[in-house]
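Peer 1: Coordinates for the following, if possible.
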Amino acid sequence: MKTPFVWIGIDQHKKAFVVFTILTLLCMVGLGVSGDALKVNEAPMGILDYEFAGTLENAQAMLLAWKTEGVEAFVGFNLGLDYLFMLTYSHAIGLACVLVAQRLNRFVQLAFVLAALQLVAGGLDAIENFALWKLLLGSDWAVYPLISMCCAAPKFLFVILGLLFCLGSVFFKKKTV
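Peer 2: Next up is the predicted model:
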């Protein structure tokens, strides 16, 4: 069975995982620094509240608060860096799922499905960011906050499932054939 990462040679999975993980951690630092400035009364969880605003009124209230606080540029920086982050985290977690299956010699189909879902999560993140960018640039189309929320929820679900699979693997021993 082929992994969802056919463009990365199977002998290169570990190296690619390390590279994507390091890049993911670097992105997380940048997102954390820029995201701290976005934690205001209207968005106590910062960009996460923006992703789940759900309504145009909520999204616009956050944008107004960020503009008033003078941190509107951090929203753009955060969304821009998130495009790199979505590429790195989806590949890091997806490759981790594949590596777990290879190490354990079991759960291969589940691991490959979860790995593929990480790539789906990255795609959902891109759609979500597009909607958030449109709002940041002044769109008043009420569907954008809904699009963002509807993409963010499964994205987080897929990421959490992938991480739980990898973390749960520590409780299993390698299956001998």
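
Peer 1: Help me confirm that residue 140 is found in a strand?
Peer 2: No. Looking at residue 140 with DSSP: H, G, I helix; E, B strand; the rest coil, it is coil, so not inside a strand.

Peer 1: you'd agree it is up against residue 56?
Peer 2: Yes. Counting by C-beta atoms under 8 Å, residue 140 does reach residue 56; the two are 6.5 Å apart. The C-beta positions use only the backbone N, C-alpha and C, and glycine is treated the same way.

Peer 1: Looking at the two now, which is surrounded by more residues?
Peer 2: residue 56 (17 against 10; other C-beta atoms under 10 Å).

Peer 1: Need the per-residue pLDDT for the more buried one.
Peer 2: Here the pLDDT value assigned to residue 56 is 98.

Peer 1: Check residue 171 too.
Peer 2: 89.

Peer 1: Check residue 106 too.
Peer 2: Reported pLDDT at residue 106 in the predicted model: 89.

Peer 1: Give me the nearest residue to it, chain neighbours excluded.
Peer 2: In space, residue 106 comes closest to residue 175 once its chain neighbours are excluded; the distance is 4.4 Å by C-beta to C-beta, 6 or more residues apart in numbering.

Peer 1: What of residue 82?
Peer 2: residue 129 (5.7 Å).

Peer 1: can you tell me which residues contact the one you found?
Peer 2: 79, 82, 83, 86 (C-beta atoms under 8 Å, 6 or more residues apart in numbering).

Peer 1: Give me the three-state assignment for the first one.
Peer 2: To tie it back to what came earlier, the one meant is residue 79. Secondary structure state of residue 79, per three-state DSSP, is helix.
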